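S.K.: Sequence first, predicted model second:
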Amino acid sequence: AQSVTQLGSHVSVSEGALVLLRCNYSSSVPPYLFWYVQYPNQGLQLLLKYTTGATLVKGINGFEAEFKKSETSFHLTKPSAHMSDAAEYFCAVSDSGYYGGSQGNLIFGKGTKLSVKP
Amino acid sequence: NAGVTQTPKFQVLKTGQSMTLQCAQDMNHEYMSWYRQDPGMGLRLIHYSVGAGITDQGEVPNGYNVSRSTTEDFPLRLLSAAPSQTSVYFCASSYLGASGNTIYFGEGSWLTVV
């Protein structure tokens, strides 16, 4: 069974500082991994996803994430935070896998709220 | 191209009332699902469907019913609303391709049960 752990329910950074949001996963099959962002009172927006191939995935708004199989991690980074990055971020793993049995669903972490200080 | 459409966007219910959250997609996706989002809990799967006529329970199915009579529609029914069902509900549809899941979310339905 798959699961996701996001370390830190709240992260605060200064504008211009590095953003690092941590995500560890557990999966019995090669995982598909996702990061979503949610602005207040809005829906979910896909930032990036990892399926296969290159382990460094670039997404929208300057974010990227690196899949590290040995560490079962998929941490999200951005070199320089902007005030507009303040939001809640969710890491998720797909229940699909190479061996079938997919139901097309996602298992989400509990989320990390990012605050950006001026 | 409407994608995934959820209605209503906002709803206030009294305890014990019933209601249906509607979800429709126009992408001919086989997979559809409902999630609820609560503070500090992330999104949790309520029910899902892998095709018309097929539904199954997710992590938190109690108090909810679903049916999938067509590929396009996947309504979520609250039979007797309880304050614990105050939440934000997201419908999603997806397909599985060579690059894994491609998932589309609706804009959410904010439900308050008083």
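M.R.: Structure's in. What do you need?

S.K.: what's the burial count for the residue in chain B positioned nearest to chain A?
M.R.: Chain B approaches chain A most closely through residue B:31 (3.0 Å), counting by C-beta to the nearest C-beta. (Glycine included, C-beta is placed from N, CA and C.) By other C-beta atoms under 10 Å in any protein chain shown, the residues close to residue B:31 number 23.

S.K.: Could you pull up the residues touching it?
M.R.: Going by C-beta atoms under 8 Å, 6 or more residues apart in numbering or on different chains, residue B:31 touches A:103-105, B:48-51, B:93-96.

S.K.: Give me the number of neighbouring residues for the nearest residue to it once chain neighbours are set aside.
M.R.: Spatially, and ignoring its direct neighbours in sequence, residue B:31 is nearest to residue A:104 (3.0 Å; C-beta to C-beta, 6 or more residues apart in numbering or on different chains). Residues near residue A:104, counting by other C-beta under 10 Å, number 23.

S.K.: wouldn't residue A:104 be in contact with residue B:51 here?
M.R.: No: with contact defined as C-beta atoms under 8 Å, residue A:104 does not count as touching residue B:51 (10.1 Å).

S.K.: what sits in contact with each of those two?
M.R.: Overlap of the contact sets of residue A:104 and residue B:51 (by C-beta under 8 Å, 6+ apart) consists of B:30-31.

S.K.: picking that back up, tell me the bridge partners for the residue of chain B closest to chain A.
M.R.: With DSSP bridges as the criterion, residue B:31 is bridged to residue B:94.

S.K.: Show the pLDDT at it.
M.R.: Residue B:31 is assigned 92 on the pLDDT scale.

S.K.: In chain A, what residue comes closest to chain B?
M.R.: Nearest to chain B, among the residues of chain A, is residue A:104, at 3.0 Å (C-beta to the nearest C-beta).

S.K.: Now do the contacts for that residue.
M.R.: When contacts are counted by C-beta under 8 Å, 6+ apart, residue A:104 touches A:95-96, B:30-31, B:33, B:48, B:50, B:94-96, B:101, B:103.
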